[in-house]
Structures are given as C-alpha cells and as structure tokens.
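# Below is the structure, and that's it, no one-letter string:
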C-alpha cells in the first residue's frame, strides 16, 4: 500500500480513466481554489447512480483501495455500501481517498453539482470542485477543529 507522499494526481487520473462522476471537496478542493493549506487525503462526493458505482468500483480495484480502519486486512467497499450516504475512508496505492456519499445537510452529488467549478488540470484531466462559497458553508457546519481552522483562510480568499 501507499508508503510515500500521497499522489492525488494519479488518483484523479484513475477516476477519470474509469469515467467516475464525482466532486472534489475538502482540503484538496481548498488547495485547487488557491488556499495555502496542506492536506493529507483526497475527499470526493460521488454520484450514487448504479452506472457510476460500477465505474467507481473498477477505479477502486485499480487503485487497490481498502478501508483504512481494517488494515492490515484488505477490505474494499461493495456496491451496496457505495450507494449509501456514508463515508468510506480508504487507503490506495497512491494515498488516502475518502469517498463521501453526502456532506453537510446530507447533500449528495446531485445537490452539490450546481455549486461547482470546473478545473482543467491539463492532459485532459477536467474535474469538478466545490465553489468557494459552498466550501465555506460546508466548513461552517462542521464541528471539526481542522475545518474551523481553515475557515479564516477561506474567508480571507473571498476578499481577494
């Protein structure tokens, strides 16, 4: 499994290769919006359609993803689990990947898609990320100290 620094670019490439529909949220989203922060995992909210779950499972297999809390035993999420709104905290060959069925007030892919920006990472890698306003709104709802700490940085970005 992953032993070096995370390579989120490779994870995004594999998701694109398998045509997975998702939105980048969390720390990587903040970085892509220009926030000077460090993050150690890639958080995505995925479409829970049956077709997309098939694509996501194929990508997870290629990434050799397994639940972090079950290590060293390798246990992958199944299709039924991925159709729920829960969180799947995985470790891949390229770093931690958190797959979220919903965030905030149970907002899933379909609710968040209208609040996205499209980012071109080059080499035909086009991804969706939450817009700054929505990311701030989600962080405001969180009780986690790391989310609260990021709020000042994100709010400062609004005035730039």
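In hand now; what should we look at? Remember, predicted model here, so these are calculated numbers, not experimental data.
# contacts, neighbours, all on C-alpha from now
Noted.
# Pass me the low-pLDDT residue ranges in this structure, would you?
1-3, 70-71 (pLDDT under 70).
# where exactly do the helices run in this structure?
8-17, 26-33, 50-63, 79-82, 109-112, 132-141, 145-158 (DSSP state H).
# and of these, who's closest to residue 119?
helix 26-33 (8.2 Å; Cα to Cα).
# Give the buried residues for that closest one.
Using 16 or more other Cα atoms under 10 Å as the test for burial, helix 26-33 gives 26-30, 33.
# Tell me how far that helix lies from the chain's centre.
10 Å (Cα atoms, centre = their mean, to the nearest Å).
# Give me the angle between it and helix 132-141.
150 degrees (axes from the mean of the first three to the mean of the last three Cα atoms, to 10 degrees).
# So what touches helix 26-33?
37-39, 41-44, 129-132, 135, 154 (Cα atoms under 8 Å, 6 or more residues apart in numbering).
# ok so, going back, let me have the helices of the chain in JSON lines, extended by distance to residue 100.
Putting the helices of the chain into JSON lines (distance: least, Cα to Cα, whole Å) gives the following:
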{"stretch": "helix 8-17", "distance to residue 100": "15"}
{"stretch": "helix 26-33", "distance to residue 100": "11"}
{"stretch": "helix 50-63", "distance to residue 100": "12"}
{"stretch": "helix 79-82", "distance to residue 100": "9"}
{"stretch": "helix 109-112", "distance to residue 100": "9"}
{"stretch": "helix 132-141", "distance to residue 100": "13"}
{"stretch": "helix 145-158", "distance to residue 100": "16"}
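# Nearest to residue 120 among those would be which one?
helix 26-33 (10.4 Å).
# Let me know the angle separating that closest one from helix 145-158.
20 degrees.
# What distance do you get for the nearest residue in space to residue 39 that is not next to it in sequence to residue 126?
Closest residue to residue 39 apart from its sequence neighbours, by Cα to Cα, 6 or more residues apart in numbering: residue 27 at 5.3 Å. Applying Cα to Cα, to the nearest Å, the value for residue 27 to residue 126 is 18 Å.
# Pull out the buried residues from stretch 139-150.
139, 147, 150.
# just stretch 105-115 next, same as before
Quick answer for stretch 105-115 (16+ other Cα under 10 Å): 108-109, 112-113.
# That one: how far from the chain's middle?
Worked out by Cα atoms, centre = their mean, stretch 105-115 lies 13 Å from the chain centre.
# what about it, start to end distance?
14 Å.
# And for stretch 72-92?
Termini of stretch 72-92 sit 13 Å apart (Cα to Cα).
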